[in-house]
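Enquirer: Next come a sequence and a model predicted from it.
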Amino acid sequence: MKIKSFFIAAFLCLTVATVPAAGTNTLALIPWPQKLTIGAGVFKLTPDTHVYVDLASRETGNCLSARLRPSTGYSLATRTQVFSSKAVKGCILLTTRDASTNLGAEGYDLVVTPGSVVIRAPTQAGLFYGVQTLFQLLPPEIFSSNVVRGVDWQMPCVQIQDWPRFKWRGLMLDVSRHFFNKSEVETVLDAMALHKLNVFHWHLTDDQGWRIEIKKYPRLTRIGAWRPSVGFGFAPNSTTAYRPDGDYGGFYTPADIHEVVKYAAARHITVVPEIEMPGHSTAALEAYPQFSCTGGPFAMPLTGGIFNGIYNPANEETFKFLDDVLTEVFQLFPDKYIHLGGDEVPKETWKNSPACQALMKQEGLTNEDQLQGWFMRRMEKFVSAHGRTMIGWSEILQGGLASNAVVMDWIGGAKEAASAGHDVVMSPTACCYLDFYQSTHRATEPRAATWGGALTLRKVYSFDPMPANLPSQLQSHILGTQGNLWTEWVPNLEHAEYMIFPRECAIAEITWSSESSHNWGDFMRRLQIHVQRLDELGINYRRASRQTLEPN
Ligand code: TNX
């Protein structure tokens, strides 16, 4: 029996040959799937095409029909197929039945023949990704929000077996330096789904704004969410995030957050909130100076840089405050990971504080890095006690780290962290910082972060999230990677999109597709068609990136 199944498996492996991305001129899938064979003919969508689903897959089926409706004008009926899991003639079937469990938590099989389309996956996430691929097999006009006439709504016959290379495929949006409202955040989530990204890291607090309403501490948003002007040298009309008295800013209510989390979950995106500590906390301390070392006064800085808003670890009340804040955060965000920042702490404040020095003495800490380690370990305990996992930036490795914390590598530490048994998310500045210039020709670009080199599309595409020379037994600690959009120089959504796209398309491919399929030339070929999808969706992007003129 075993031998027989071995031969069947071997036969399947031989017949399902992988088509290298470079060899296929008509398909423009981004990210490129793991295995793909092209068959003869096409499947045509008609007003009579039905969407069949098994009982578990109704929502995914509705999501498919809803997306196909505006551009085709077809109202495809969703029907439930209870007893069979076989292809239905002339129809699209989405089912979890008889799916190969080898596909994992996010994989899917997609078979298009002239007679039917079948997407089979063990999970709804897998089916959802199969549906995203199906959209990309159709002409780009499928993404239009108005009926498009004269287009053949057909897709080429293919057989696809697909799953992601990494389980963390993320995007970070900083909503502190500039504010993006709920519907703008949802626009960002929609585009993430198109690219099969699955982690939205929401940078909710920083020196220049506190964006999450906390019932127990109303001043956090009453004071901390607003500043007198947009700042950063931007013209007042570069944004609309003003309240009637002219102050700039905004925040999310618990209801807003519930909606965003739900919106993300419907797209199989996990939301990771970030509450910064102990540094990058000027906005919070302007509202509650009693938790600072100096007692203030503070004023929200209106430029980029590192500021003195740092919590006082020598005051027990500070931890009471942070625990209370996190308790509300846990209620609003159901997912596993909670990001506590930990980066760029200006330690002179602790150096100059007699209370902090006394605390260090009492705890046997010999320098301020160790005090930061002590602080983060204490907060990590609180997060763990609530069944969550703490994440922090590279610096949380300084001064010792609790063993189940996850490190987000922006300035190094991945190997060290993985060797010590920590999971790691890769977001090195040189390859993942979407606030950096997209071109080496700065003069032709809008103002961007000046402290890094250019992050061209090609450079993002060339990034391998797996650190070189990481021993194979440690590689499973690398969860994946994400692009980070810091928004000091990004005052509105249109500009945020300009910075995100098309670099997010490259992030999609390096996180999802296999390393061996990466092919810059073919990616650029596919991108020419993919940007038509972005055009249809009304997503802004850097048009010059369609040319390959930039050096790597
Ligand atoms: C560094 S990356 C920061 C951010 C800034 C960014 C600007 C990180 C953990 N800290 O606070 O916005 O540089 O590029």
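Expert: Thanks, I have it. Here the structure is a predicted model, which is why all the values come from computation and not from measurement.

Enquirer: burial of residue 521, as a residue count?
Expert: For residue 521, the neighbour count with other Cβ atoms under 10 Å is 10. Using the backbone N, CA and C atoms, a C-beta is placed for each residue, glycine as well.

Enquirer: separation between it and the ligand?
Expert: 31 Å (Cβ to the nearest ligand atom, to the nearest Å).

Enquirer: mind pulling up the phi and psi values for that residue?
Expert: Per-residue torsions, residue 521: phi -60, psi -40 (degrees, to the nearest 10).

Enquirer: With the one 5 residues further on instead?
Expert: Taking degrees, to the nearest 10, you get phi -70, psi -30 for the backbone angles of residue 526.

Enquirer: same question, residue 78
Expert: phi -100, psi 130.

Enquirer: Need the phi and psi values for whatever residue of the stretch 401-550 of the chain ends up closest to the ligand.
Expert: Ranking the residues of the stretch 401-550 of the chain by distance to the ligand (Cβ to the nearest ligand atom) places residue 486 first, at 3.4 Å. Residue 486 adopts backbone torsions of phi -80, psi 140, taken as degrees, to the nearest 10.

Enquirer: just residue 347 next, same as before
Expert: According to degrees, to the nearest 10, residue 347 has phi -80, psi -10.

Enquirer: Contact partners for the closest residue to the residue of the stretch 401-550 of the chain closest to the ligand other than its chain neighbours?
Expert: Closest residue in space to residue 486, ignoring its immediate chain neighbours: residue 435 at 4.1 Å, by Cβ to Cβ, 6 or more residues apart in numbering. By Cβ atoms under 8 Å, 6 or more residues apart in numbering, the contact set of residue 435 is 448, 449, 484, 485, 486, 487, 488, 489, 490, 499.

Enquirer: Show me which residues of the protein sit near the ligand.
Expert: For the chain, the residues in contact with the ligand (Cβ under 6 Å from any ligand atom) are 343, 344, 393, 410, 433, 435, 449, 486, 488.

Enquirer: Identify the residues contacting the second one.
Expert: With contact taken as Cβ under 8 Å, 6+ apart, residue 344 is in contact with 279, 280, 306, 395.

Enquirer: next one: the fourth one
Expert: Residue 410 is in contact with 343, 393, 394, 427, 428, 429, 432, 484, counting by Cβ under 8 Å, 6+ apart.

Enquirer: Just the ones of those residues in helices?
Expert: Applying DSSP state H to the contacts of residue 410, the entries found in helices are 429, 432.

Enquirer: Of the contacts of residue 410 - the most surrounded one?
Expert: Comparing those by number of neighbours (other Cβ under 10 Å), residue 432 comes first, having 28 neighbours.

Enquirer: how close does that one sit to residue 192?
Expert: Residue 432 is 15 Å from residue 192, where distance means Cβ to Cβ, to the nearest Å.

Enquirer: try residue 230
Expert: On the measure of Cβ to Cβ, residue 230 and residue 192 end up 26 Å apart.

Enquirer: Between these two, point out the one with more neighbours.
Expert: Set side by side, residue 230 and residue 192 show more neighbours around residue 192, with 24 against 21, by other Cβ under 10 Å.

Enquirer: Confirm that the more buried one sits in a helix.
Expert: Yes - the assignment for residue 192 (DSSP: H, G, I helix; E, B strand; the rest coil) places it in a helix.

Enquirer: Name the nearest residue to residue 232, ignoring sequence neighbours.
Expert: Leaving aside its sequence neighbours, residue 232 sits nearest to residue 488 (Cβ to Cβ, 6+ apart; 5.8 Å).

Enquirer: mind listing the strands for the stretch 451-552 of the chain?
Expert: Counting by DSSP state E, counting those that start in this stretch, the segments of the stretch 451-552 of the chain that form strands are 478-485.

Enquirer: on that earlier part again, ok, the residues of the chain next to the ligand vs residue 186, which is closest?
Expert: Among the residues of the chain next to the ligand, residue 486 lies closest to residue 186 (Cβ to Cβ), at 20.5 Å.

Enquirer: burial of that closest one, as a residue count?
Expert: 22.

Enquirer: My read is that it contacts residue 176, right?
Expert: No - Residue 486 is beyond contact range of residue 176, at 9.3 Å (criterion: Cβ atoms under 8 Å).

Enquirer: Find residues that contact each of the two.
Expert: residue 203.

Enquirer: and residue 63, what is it in contact with?
Expert: Residue 63 makes contact with 128, 131, 266, according to Cβ under 8 Å, 6+ apart.

Enquirer: Give me the buried subset of those residues.
Expert: Among the contacts of residue 63, those classed as buried by 16 or more other Cβ atoms under 10 Å are 128, 131.

Enquirer: Would you mind giving the contacts of residue 63 as CSV with secondary structure, distance to residue 287 and pLDDT added?
Expert: Output for the contacts of residue 63, formatted as CSV (DSSP: H, G, I helix; E, B strand; the rest coil; distance: Cβ to Cβ, whole Å; pLDDT from 0 to 100):
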residue, secondary structure, distance to residue 287, pLDDT
128, helix, 40, 98
131, helix, 44, 98
266, helix, 34, 98
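
Enquirer: What residues of stretch 297-313 count as buried?
Expert: Applying 16+ other Cβ under 10 Å to stretch 297-313 flags 298, 300, 301, 302, 304, 307, 308, 309, 310, 311, 312, 313 as buried.
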